[in-house]
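Engineer: Sequence plus predicted model, see below.
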Amino acid sequence: QDVLLKVEHLKKYYSIKSSSLRGKKSVVKAVDDISFDVKIGETFGIVGESGCGKSTMGKSVIRLIEPTEGKVILDGQDFTSLKGKELQEARDKIKLIFQDPYASLNPRMTVKDIIAEPIDIAKCYKTKEERDARVVEVMKQVGLNLDYMYRYPHEFSGGQRQRIGIARAIALQPKLIICDEPVSALDVSIQAKIINLLNELQEKMGIAYIFISHDLSVVKHIADRVGVMYLGNMMEMADTESLYAKPLHPYTQALFSAIPRIGKERIEDKQILGGDVPSPANPPKGCRFCTRCPKVMDICKTDRPDFKEVEPGHFCACHLYDKK
Ligand code: SF4
Ligand code: MG
């Protein structure tokens with residue numbers, strides 16, 4: 001399968017004024033040296049607890065925020081170095097949808113205008129009729145009733161609003177959509193419908209997704225491969241089946257032990273993992289997980305483990321798998 005997106009050593013650092021350092025600046029390493037590929041038409045899931053840098057990673061890939069370092073190659077083109085018109089054109093290939101579509105939909109625009117906006121900006125249709133026909137087509141593709149065309153976002157439920165957000169995202173037939181917690185705010189029954197819609201669009205249009213979520217069950221359902229993030233680092237990456245059947249990293253193992261079983265109450269991740277996620281402004285040296293890892297060794301506190309291929313296609317950053 002051909003590679004669509006290549007992310008190489010991506011970093012996003014912020015400097016903040018830290019009260020504990022008496023107003024001195026400290027650096028938050030929100031995304032700290034992350035590399036992965038996304039193939040044409042596949043779904044790459046990213047999981048991790050909130051605050052682990054998943055969203056920052058997604059926004060840095062699309063350059064909604066500028067990465068500090070690293071490279072993003074999209075469709076063979078160095079996306080990180082593009083400017084002006086070239087950047088704008090490349091951006092038509094990669095779209096982002098959010099957890100709360102309401103926040104990204106202009107409340108004063110009708111559904112029709114919201115969906116037509118990216119089409120108008122790209123000036124890809126010659127006549128108004130062609131452009132309107134495209135809006136109708138896109139509304140049908142995402143299962144929006146055409147009667148809704150002249151209504152406003154506030155008139156819709158969360159699920160319908162997410163359909164409007166998806167319609168807008170697919171209007172220019174992107175090759176990749178970064179979905180940041182797209183169903184986390186929705187009821188479970190609606191979640192399934194939106195996931196099915198995303199799967200359907202992928203089949204028909206060959207779109208690839210980066211699917212960011214804290215919900216391991218949702219990711220298991222939708223992703224072909226999964227990366228596990230913790231404190232700005234990629235800890236483990238494998239195809240979905242291998243990862244869920246045999247997680248290798250102690251952090252992934254701890255996360256998975258918190259997946260609710262049918263008929264049982266959900267136990268919060270934190271109780272099982274023990275302790276809070278350390279501040280990314282002051283992360284532990286060595287392995288980022290060493291303050292919470294049940295298998296911690298001396299070397300873990302001083303040396304950052306390499307992200308290495310432990311089994312074919314299964315990558316892991318942990319000293320337990322160092323070659324002896
Ligand atoms: Fe645990 Fe050490 Fe592996 Fe980190 S490197 S996950 S601390 S065993
Ligand atoms: Mg997030």
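Structural biologist: Arrived safely. Ligands and ions are numbered 1, 2, ... in the order given.

Engineer: CA only for contacts and neighbour counts going forward, please
Structural biologist: Fine.

Engineer: got the contact list for the residue in the stretch 151-300 of the chain positioned nearest to ligand 1?
Structural biologist: Closest contact between the stretch 151-300 of the chain and ligand 1, by CA to the nearest ligand atom, is at C290 (3.6 Å). Residues near C290 by CA atoms under 8 Å, 6 or more residues apart in numbering: 284, 296, 300-301.

Engineer: same thing with T68?
Structural biologist: By CA under 8 Å, 6+ apart, the residues touching T68 are 10-13.

Engineer: where does F36 land in three-state SS?
Structural biologist: State at F36, reduced to three classes by DSSP: H, G, I helix; E, B strand; the rest coil: strand.

Engineer: Poorly predicted segments of the stretch 201-324 of the chain, please.
Structural biologist: 258-272, 324 (pLDDT under 70).

Engineer: what ranges do the helices span in it?
Structural biologist: Along the stretch 201-324 of the chain, counting by DSSP state H, counting those that start in this stretch, helices occupy 216-222, 240-245, 250-256, 269-273.

Engineer: Pick the most deeply packed of those helices.
Structural biologist: Burial of the helices of the stretch 201-324 of the chain is given as mean neighbour count (mean count of other CA atoms under 10 Å); helix 250-256 ranks first at a mean of 20.

Engineer: Alpha carbons of that helix, in CSV - could you do that?
Structural biologist: Extracted C-alpha coordinates of helix 250-256, given in CSV (Å, rounded to 0.1, in the frame of the first residue of the first chain):
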residue,chain,number,x,y,z
PRO,A,250,3.5,-1.3,29.9
TYR,A,251,1.6,2.0,29.3
THR,A,252,-0.6,0.4,26.6
GLN,A,253,-1.1,-2.6,28.9
ALA,A,254,-2.3,-0.3,31.7
LEU,A,255,-4.6,1.6,29.3
PHE,A,256,-6.1,-1.6,28.0
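
Engineer: Measure how buried the closest residue to A116 other than its chain neighbours is and give me the count.
Structural biologist: Computed as CA to CA, 6 or more residues apart in numbering, the closest residue to A116 that is not its neighbour in sequence is V135, at 6.2 Å. Neighbour count for V135, taken as other CA atoms under 10 Å: 25.

Engineer: for the strand or helix carrying V135, packing partners?
Structural biologist: Using DSSP states H and E, V135 sits within helix 128-141. Judged by 3 or more CA pairs under 8 Å, 6 or more residues apart in numbering; DSSP states H and E, helix 128-141 is in contact with helix 111-122, helix 158-170.

Engineer: just how off-centre is the longest one within its chain?
Structural biologist: In this view, helix 158-170 has its centroid 17 Å away from the chain centroid, taken as CA atoms, centre = their mean, to the nearest Å.
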